[in-house]
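Enquirer: can you look at this prediction? I've put the sequence above it.
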Amino acid sequence: MTDLETRMLDTQMLERGRRARTAAADLRDAPAAARTRALEILSKKLTAAEPAILAANARDVAAARANGMTEALIDRLSLTPARVAGMADAVATIAAVPDPLGVETERWTPANGLDIARVRTPIGVLGVIYESRPNVTADAAALCIRSGNAAILRCGSDCLQSSLAIAGLIAEALDEAGLPADAVQLVDTPDRAAVGLMLSGLDGAIDVIIPRGGKSLVARVQAEAKTAVLSHLEGLNHTYLHAGADLEVARAVVLNAKMRRVSVCGATETLLVDRAAAARLLPPVAADLIAAGCELRGDAEARGLVPQMKPADETDWMTEYLAPILAVRIVDDLDGATAHIARYGSGHTEAIVTTDGEAAERFAARIDSAIVLINASTQFADGGEFGFGGEIGISTARLHARGPVGAEQLTTYKYVVRGKGQTRP
């Protein structure tokens with residue numbers, strides 16, 4: 001970039017921040033009905049604009065293929081009629097979610113007689129930086145509108161055309177509902193310098209940065225952001241087949257957890273199998289995976305039971321494949337499974353398959369990840385499946401929000417204290 005182009009981008013981004021801050025104040029004061037109305041309008045617009053959205057997405061996909069993007073990332077980027085319908089349905093679901101703003105989460109009266117309430121309130125302006133997934137444009141916008149936050153969205157250059165098509169509908173929906181169109185702004189330049197400017201906080205305009213993408217993006221945001229960050233690490237997820245696992249449940253859960261969509265962050269990347277039941281469980285589970293086109297990489301003991309497996313090495317226990325590849329390890333028992341997860345896991349999502357209720361609860365208590373599932377696929381690690389309508393991401397942070405980040409998780413709180421003329425002695 002030339003110096004002039006740099007100055008122009010600086011000016012444009014600072015102006016976006018200023019407009020977002022103004023819009024955030026208006027959105028905070030807007031009635032819940034207006035925000036609901038905007039989401040209902042947006043849902044209908046997404047459905048009506050399906051041909052235009054798919055045409056824009058086709059341009060993105062063609063460019064991505066020409067640039068050598070992997071098929072796993074192409075899958076994340078691609079929209080289909082079903083996926084556009086899913087976006088519209090998610091927005092409609094978010095519209096129906098109870099409005100979180102103004103909700104009293106607690107109320108009490110201490111000895112001084114004051115009436116103290118803790119009340120949900122918007123965070124303010126959110127900067128959302130994401131890669132490859134155009135559906136995030138709709139999900140993030142809808143969740144920010146529902147939670148009363150303004151948003152500055154910066155998508156990856158690979159999904160810019162799709163996101164621009166969606167962002168135009170968002171602006172129309174806000175305007176038709178009587179809300180400021182500046183409440184959701186999409187950065188319309190692929191220039192990576194815009195990311196750096198967002199990480200600077202835009203002169204205090206951005207309150208929180210939310211990255212949704214690969215490990216390198218999250219690492220950059222965490223290293224450079226000059227404002228608060230709400231992020232998740234990679235989805236290095238595990239499914240553990242306990243000695244008490246039912247075979248048919250194990251087969252169904254593992255196949256779905258790995259192969260439903262290999263490119264999502266909720267996909268299982270490592271299968272742990274209890275030694276006491278490995279001979280009973282692993283061969284049929286492996287046969288299902290191989291038949292579905294999954295490459296298996298196992299330790300020596302696992303390969304002894306399933307000779308088609310390739311050898312696994314230390315890097316396989318640390319890899320989020322986002323591809324039809326699964327690492328397989330035989331462990332001594334539940335203690336061995338939880339120790340493996342503690343060493344190699346990313347704190348995202350873990351699952352146990354067992355008929356032993358005591359073992360299931362022990363696993364749930366020991367695992368320190370954002371989501372723990374019992375006898376269910378890790379692919380349920382999704383805000384929509386949690387009833388949130390959608391999500392901005394799965395937070396592996398330990399403060400503020402953890403797990404799927406929906407509208408409620410995008411609020412903070414304030415204390416409203418009502419008195420009767422009390423003064424402090």
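Expert: Right, received. Where do you want to start?

Enquirer: contact partners for the nearest residue to residue 180 once chain neighbours are set aside?
Expert: Nearest residue to residue 180 in three dimensions, chain neighbours excluded: residue 23, at 4.1 Å (C-beta to C-beta, 6 or more residues apart in numbering). Every C-beta, even on glycine, is put in place using the N, C-alpha and C of the backbone. Applying C-beta atoms under 8 Å, 6 or more residues apart in numbering to residue 23 gives the contacts 150, 180, 182-183.

Enquirer: residues near residue 105, how many?
Expert: As a burial measure, residue 105 scores 12 neighbours (other C-beta atoms under 10 Å).

Enquirer: how near is residue 305 to residue 278?
Expert: Residue 305 sits at a distance of 6 Å from residue 278 (criterion: C-beta to C-beta, to the nearest Å).

Enquirer: farthest pair within the contacts of residue 23?
Expert: Across the contacts of residue 23, no pair lies farther apart than 150 and 180, at 8.2 Å, counting by C-beta to C-beta.

Enquirer: which residues are in contact with both of the two?
Expert: Common neighbours of residue 150 and residue 180 (C-beta under 8 Å, 6+ apart) are 23, 27.

Enquirer: which one's more surrounded, these two?
Expert: residue 150 (31 against 19).

Enquirer: which residues touch the closest residue to that one other than its chain neighbours?
Expert: Leaving out its chain neighbours, the residue that sits closest to residue 150 by C-beta to C-beta, 6+ apart is residue 24, at 3.8 Å. Going by C-beta under 8 Å, 6+ apart, residue 24 touches 122, 124-125, 149-150, 183.

Enquirer: wait, is residue 24 part of a strand?
Expert: No: Residue 24 is assigned helix when assessed by DSSP: H, G, I helix; E, B strand; the rest coil, not a strand.

Enquirer: what distance do you get for it to residue 203?
Expert: 15 Å.

Enquirer: quick one, phi psi at the spatially most central residue of the chain?
Expert: Note on the chain: the residue nearest the mean C-alpha position is residue 393, at 1.6 Å, using C-alpha atoms, centre = their mean. Dihedral pair for residue 393: phi 170, psi 180, per degrees, to the nearest 10.

Enquirer: surely residue 122 is in contact with residue 151?
Expert: No: counting by C-beta atoms under 8 Å, residue 122 stays clear of residue 151, with 10.9 Å between them.

Enquirer: between the two, which is the more surrounded one?
Expert: Neighbours per residue (other C-beta under 10 Å) separate residue 122 from residue 151, with residue 151 holding more: 28 against 21.

Enquirer: what residues are bridge-paired with that one?
Expert: Residue 151 has these beta-bridge partners by DSSP bridges: residue 126, residue 184.

Enquirer: residues near residue 141, how many?
Expert: 30.

Enquirer: my read: residue 227 touches residue 201, true?
Expert: Yes: between residue 227 and residue 201 there is a contact under C-beta under 8 Å: 4.3 Å.

Enquirer: burial measure for the nearest residue to residue 35 once chain neighbours are set aside, as a count.
Expert: Using C-beta to C-beta, 6+ apart and skipping the chain neighbours, the partner closest in space to residue 35 is residue 145 (5.3 Å). Using other C-beta under 10 Å, the number of residues around residue 145 comes to 30.

Enquirer: can you tell me the helix or strand for residue 145?
Expert: helix 135-147 (DSSP states H and E).

Enquirer: so for residue 5, what's the pLDDT?
Expert: Per-residue pLDDT puts residue 5 at 84.

Enquirer: now the helix or strand containing it against helix 135-147, angle please.
Expert: Per DSSP H and E: residue 5 is located in helix 3-29. Computed with axes from the mean of the first three to the mean of the last three C-alpha atoms, to 10 degrees, the direction of helix 3-29 lies at 40 degrees from that of helix 135-147.

Enquirer: before we move on, back to that, and the gap between the residue nearest to residue 180 and residue 325?
Expert: Taken as C-beta to C-beta, the span from residue 23 to residue 325 is 44 Å.

Enquirer: same check on residue 261?
Expert: From residue 261 to residue 325 the distance is 14 Å (C-beta to C-beta).

Enquirer: residue 213 now?
Expert: Applying C-beta to C-beta to residue 213 and residue 325 gives a distance of 20 Å.

Enquirer: touching, residue 325 and residue 295? I think so.
Expert: Yes: when contacts are counted by C-beta under 8 Å, residue 325 is listed as touching residue 295 (4.7 Å).

Enquirer: let me see the backbone angles for residue 115.
Expert: Per degrees, to the nearest 10, the backbone of residue 115 is at phi -100, psi 110.

Enquirer: contacting residues for residue 102?
Expert: 32, 119-121.

Enquirer: tally of neighbours for residue 44?
Expert: 15.

Enquirer: same thing with residue 53?
Expert: 27.

Enquirer: which helix or which strand is home to it?
Expert: Element membership of residue 53 [criterion: DSSP H and E] is helix 50-66.

Enquirer: next step: the contacts of residue 102 restricted to strands.
Expert: Among these, DSSP state E puts 119-121 in strands.

Enquirer: out of the residues you listed, which are buried?
Expert: Burial by neighbour count, judged by 16 or more other C-beta atoms under 10 Å, picks out 119-121 from these.

Enquirer: okay if I get these as TSV plus pLDDT?
Expert: Converted to TSV, these look like this (pLDDT from 0 to 100):
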residue	pLDDT
119	97
120	96
121	97
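
Enquirer: which among the residues you listed gets closest to residue 103?
Expert: For those, the nearest to residue 103 is residue 120 (4.7 Å; C-beta to C-beta).
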